[in-house]
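Asks: The sequence and its predicted three-dimensional model are supplied below.
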Amino acid sequence: MCYGVIGVRLRSHLYTVPWRSEDRLLTSHRSPCALSGKMDKKTQKIACLALETVHTKSMPLCIELTERQKHYMIKTKNSSVMEEGNIEDANSPIHCDLCNAPNPPLHCEECQCNVCLACVGKHLSDLSKDHKVVPYQKQGSIPKYLKCQSHPIERCELHCQRCDLPVCNTCLLSNSHKSHTLTELMEVIRSKKEVIEKDFEEIKQIIYPKYEEILMQLKTDQLNVDSYFEDLAEKVTKKGKEWHIEVDRLVSELQDDILAEKRNHIASLQQQEENIASTISEIKQSIQDLKRILDLEDFYSTAVYKSKNAVFNRFPEKLSFPSFLPKKIDTRHLSRQFGVLTTESRCSFQSNLLLKSLNTIETFESGHSLIHGLACLSEYEIWIIGGDNSLRYDSGKRMKLFSTKGELLRSIKANDKPVAIAVTKNGDLMYADKYGYINIVEYNQIKKVISLKGWKVLDICTTLSGDLLVIMNDYKNSSKVVRYCGPTEKQTIHFNDDGQSLYSPGGKKYLVENTNFDICVADHDAHAVVAVNQNGKLRYRYTGQSASEKSFNPVGIATDSQSRVLIAEDTDSNMHVLDHEGQFLSLIYMHVYSPQGLCVDTNDSLYVANYQTIYKTRYCS
């Protein structure tokens, strides 16, 4: 059985009717009315079938409509969704709607009918309508239903940019759009049609599938809520036990120190007691000798007498008892060291919805003339290092902590000029200086942790496990990444499986650990981003989107909560975005000339620095 659609003309209109091969097609030299025995009066009014596949010149074609087809036509007419006008098949002949002449060259957009040259005058004589006659091939160039909303009998041909509305001549005469910029309506329609097409593709190909994915993820998350939060509570409990152990250890150490101090104090007191007793014996003897001299008036003893009072007047210092000076508990610092409960990033459901350009939220000045390092302490605080133009002894040594509103919260002077900074899991600041020392700032005290003799530190970063990663070169022809736990070297990442160096020997390099534990290096001189896994095996190498590899010049790198890799480059102020597999996702215009630093906070806000200014931005909607 075959199925299809046929076109039926009724009073100069064409209707579509479903057709099956079981429905009877009748051919006759007689008019359709001659088939009155086959059709009722209403059906007899139906005109000839317009299907080219069964049409003949000498034999007009008629149909006997089944009850199903008549029901379809009535239903379609009543629902006002019938297709009117020029709906003939592309291969069907075209006729004038007034005289039925074949191939009419004109089409009236207002009446939606075809007219020949002989009938166009008659058609235009109907002054009740504003006819718009165009060549048949250009039909559809004037919108069908673009009537003015304020003046229904008027057609809109202009568009008011300020009001963003189509306007007619009567609208313009009313002065409601006086001094407004007007544009050809068809230009606006063409432009908006392009936007609609793009929106359609984006909704269909990206947004709708993403919402389907989100729905599935939400269902999965609901199943995992109990286990996830149990794990979260277990982590807090574990951390609390670790703190209890550390506090107990600290208390035990202090108790041992007190016992040791007690023993030392007792020994000191006993020794001082012996010394005092001996001095008292000497004083008693001196008293007797002086009394004898005075009583006997011994002139010789008087002549050779030497006073000892100066010695006896040197009284010993009193031994003081040790004391315990408890420090006031800084709950804010304590909470930051223990850990905080954070919510998921606002980008968590929108990994594909990246902006075309950065959206700036805040900007502030750093006070440096050249920033060369950023490190986020929290979503509200950021550490900054950089040089300045002053001739002061501490020029370039200041490490500054700013609020994201631009308020200077702390300023620490390094012993030597810092070249790279990072923040530990406990919120302590670490920095590398120009002499190859890596230091940590704890309770405002600077302590040296690592000394790298013969190696120049290029960048540092802390890891999720609490280790420190350092990328360095030997000033000659070798660069490597080294993992440290405290001062102890745990891992060296230098060569690939073929024995070739993973990194270029010199130049600027920027280092970050991704949330999937990949170690990513933006290698400026190699014009590439090199990523290895936590075991040091090469994962991918990204060289930009240009045909020329050397046109890619990375000058900063960061990662976010979605394991996306964000790479700043200085060639065209674009930021490249990769997924966790190193696949390119998007180019985002940064609006920042010559970026000098890049970091992402826990809320996936991106901080970008140029020479002096810090920009807090968003890169996803």
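Replies: All right, it came through fine.

Asks: all contacts plus neighbour counts: C-alpha atoms, from now on.
Replies: Noted.

Asks: Any idea how far apart the tips of stretch 479-499 sit?
Replies: Taking Cα to Cα, to the nearest Å as the measure, stretch 479-499 stretches 14 Å from start to finish.

Asks: And that stretch, what's buried?
Replies: By neighbour count with 16 or more other Cα atoms under 10 Å, stretch 479-499 contains the buried residues 479, 480, 481, 482, 483, 484, 492, 493, 494, 495.

Asks: Sort out for me which of the residues you listed are in strands.
Replies: Counted as lying in strands by DSSP state E, out of these, are 479, 480, 481, 482, 483, 484, 492, 493.

Asks: quick one on the thing from earlier: tell me which two of the buried residues of stretch 479-499 sit farthest apart.
Replies: Maximum pairwise distance among the buried residues of stretch 479-499 (Cα to Cα): 18.1 Å, between 484 and 495.

Asks: Would you map the helices across the stretch 101-250 of the chain?
Replies: For the stretch 101-250 of the chain, the helices defined by DSSP state H, counting those that start in this stretch occupy 120-124, 169-173, 185-202, 208-296.

Asks: Of these, which is nearest residue 591?
Replies: When the helices of the stretch 101-250 of the chain are compared by Cα to Cα, helix 185-202 sits nearest residue 591, at 24.3 Å.

Asks: any chance of the helices of the stretch 101-250 of the chain in JSON lines, plus distance to residue 618, mean neighbour count and mean pLDDT?
Replies: Converted to JSON lines, the helices of the stretch 101-250 of the chain look like this (distance: least, Cα to Cα, whole Å; neighbours: other Cα atoms under 10 Å; pLDDT from 0 to 100):
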{"stretch": "helix 120-124", "distance to residue 618": "59", "mean neighbour count": "14", "mean pLDDT": "90"}
{"stretch": "helix 169-173", "distance to residue 618": "42", "mean neighbour count": "14", "mean pLDDT": "85"}
{"stretch": "helix 185-202", "distance to residue 618": "21", "mean neighbour count": "13", "mean pLDDT": "85"}
{"stretch": "helix 208-296", "distance to residue 618": "20", "mean neighbour count": "12", "mean pLDDT": "89"}
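
Asks: Dump those helices into TSV; add distance to residue 561 as well.
Replies: Below are the helices of the stretch 101-250 of the chain laid out as TSV (distance: least, Cα to Cα, whole Å):
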stretch	distance to residue 561
helix 120-124	68
helix 169-173	53
helix 185-202	24
helix 208-296	16
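
Asks: Can you check which of those gets nearest to residue 409?
Replies: Residue 409 lies closest to helix 208-296 among the helices of the stretch 101-250 of the chain, at 27.8 Å (Cα to Cα).

Asks: Could you look up the next helix or strand downstream of that closest one?
Replies: Of the helices and strands lying after helix 208-296 in sequence (DSSP states H and E), the nearest is helix 299-303.

Asks: Could you say which one of the helices of the stretch 101-250 of the chain comes nearest to residue 553?
Replies: Taking Cα to Cα, helix 185-202 is the member of the helices of the stretch 101-250 of the chain nearest to residue 553, at 30.9 Å.

Asks: Taking their axis directions, the closest one and helix 208-296 sit at what angle?
Replies: 70 degrees (axes from the mean of the first three to the mean of the last three Cα atoms, to 10 degrees).

Asks: correct me, but residue 109 touches residue 137?
Replies: No. Contact criterion Cα atoms under 8 Å: residue 109 and residue 137 do not qualify, at 11.8 Å.

Asks: and the two? which has more neighbours close in?
Replies: For the pair residue 109 and residue 137, the greater number of neighbours falls to residue 109 (22 against 10), based on other Cα atoms under 10 Å.

Asks: how near is that one to residue 166?
Replies: Distance from residue 109 to residue 166, counting by Cα to Cα: 18 Å.

Asks: same thing with residue 442?
Replies: Distance from residue 442 to residue 166, by Cα to Cα: 67 Å.

Asks: Would you list the phi and psi of the nearest residue to residue 415 once chain neighbours are set aside?
Replies: Distances taken as Cα to Cα, 6 or more residues apart in numbering put residue 397 closest to residue 415, at 7.2 Å, once the chain neighbours are dropped. Backbone geometry at residue 397, expressed as degrees, to the nearest 10, gives phi -100, psi -10.

Asks: and residue 397, how far is that from residue 612?
Replies: Taken as Cα to Cα, the span from residue 397 to residue 612 is 16 Å.

Asks: related to what we said a few turns ago, want to throw the buried residues of stretch 479-499 into a markdown table with pLDDT?
Replies: Formatted as a markdown table, those follow (pLDDT from 0 to 100):
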| residue | pLDDT |
| --- | --- |
| 479 | 94 |
| 480 | 95 |
| 481 | 96 |
| 482 | 96 |
| 483 | 95 |
| 484 | 95 |
| 492 | 95 |
| 493 | 95 |
| 494 | 94 |
| 495 | 93 |
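
Asks: follow-up on the earlier one: quick one: which of the ones in strands among the buried residues of stretch 479-499 is nearest residue 170?
Replies: Among these, and counting by Cα to Cα, the member closest to residue 170 is residue 481, at 74.1 Å.
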